[in-house]
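**Student:** Here you go, sequence then predicted model.
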Amino acid sequence: FRRIGIGVHISGGTPPELPGHLDHGRPVTEPALSVTDLDHRMRGFIIEQYHQRPHRETGESPHRRWLADGWLPQLPENIDTLDLLLVQVATGRIVHRDGIHFQGLRYLDPVLAAYVREPVTIRYDPRDITAIRVFHHDRYLCTAISPEHSGRTISLKDIDTARRAHRRRLRSQIHERIQLVTDYLPTPAAPPAPEPAPARRRSTLRTYRED
């Protein structure tokens, strides 16, 4: 898992504190956070610190300002709707008899049986693609799952890493077999040296310019 470090700095806040943050383009400390760690740290910072401390211009915390005067913002109906707005990535697919194919995985749901050969739009979370949401003409159909990977969390990064490792193994096997064949093949004999051309004999017959 690639380790990263990012510093968070919001106007009026504290200097960056996360390991690996940059100062003039160079890391101050060694990176030590994974993407998941960074996600948790960012969530904790925004909810527990930034939203709770007073802002220097308003004198109130963002959380208190949000709830002031009984103002109710327009919120999504549920967390799934919020995911569709902020996280989910959309792409087109065709429904096959054995489900929807995406990134080498197969997704199934009984509802899809009525839409074989139909184009659909799928939405997925790159951090976990064990399930996808399926839409037909912008209408939600179902949430299809990958039966082979149910109960697990698989990200696009995991799939890309596995594919790279598989390609490296294939290249290594090919090189080993080429070397094995080369070692067992007889060394080709050097071609015989060409025979020298016979020397041209000079004619002893004298000629004159008038001839």
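**Tutor:** Looks like it arrived, so ask away.

**Student:** avg pLDDT for the lengthiest helix in the chain?
**Tutor:** When the chain is parsed with DSSP state H, its longest helix is helix 156-184. Helix 156-184 shows an average pLDDT of 78 in the prediction.

**Student:** What about His55, how many residues nearby?
**Tutor:** For His55, the neighbour count with other C-beta atoms under 10 Å is 14. C-beta: built from backbone N, CA, C; applies to glycine.

**Student:** Distance check, it against Leu67.
**Tutor:** 14 Å (C-beta to C-beta, to the nearest Å).

**Student:** Then Tyr140?
**Tutor:** Distance of Tyr140 to Leu67, computed by C-beta to C-beta: 32 Å.

**Student:** Can you pull out the low-pLDDT segments for this protein?
**Tutor:** Across the chain, the ranges flagged by pLDDT under 70 are 1-16, 69-73, 80-81, 83-87, 152-156, 159, 188-190, 199-211.

**Student:** Show me where the chain has its helices.
**Tutor:** Counting by DSSP H, the helices of the chain are 35-44, 62-67, 79-86, 156-184.

**Student:** So for Asp128, which of those sits nearest?
**Tutor:** Asp128 lies closest, by C-beta to C-beta, to one member of the helices of the chain: helix 156-184, at 9.4 Å.

**Student:** Hey, what's the angle from that closest one to helix 35-44? Just curious.
**Tutor:** Calculated by axes from the mean of the first three to the mean of the last three C-alpha atoms, to 10 degrees, helix 156-184 forms an angle of 170 degrees with helix 35-44.

**Student:** Strand partners (parallel or antiparallel) of the lengthiest strand in the chain?
**Tutor:** Ranked by residue count and defined by DSSP state E, the top strand of the chain is strand 128-136. Sheet pairing for strand 128-136, assigned by DSSP bridges, gives strand 119-125 (antiparallel), strand 139-145 (antiparallel).

**Student:** Nearest to Arg41, out of those?
**Tutor:** It's strand 119-125; of the strands paired with strand 128-136, that one is closest to Arg41 (C-beta to C-beta) at 19.5 Å.
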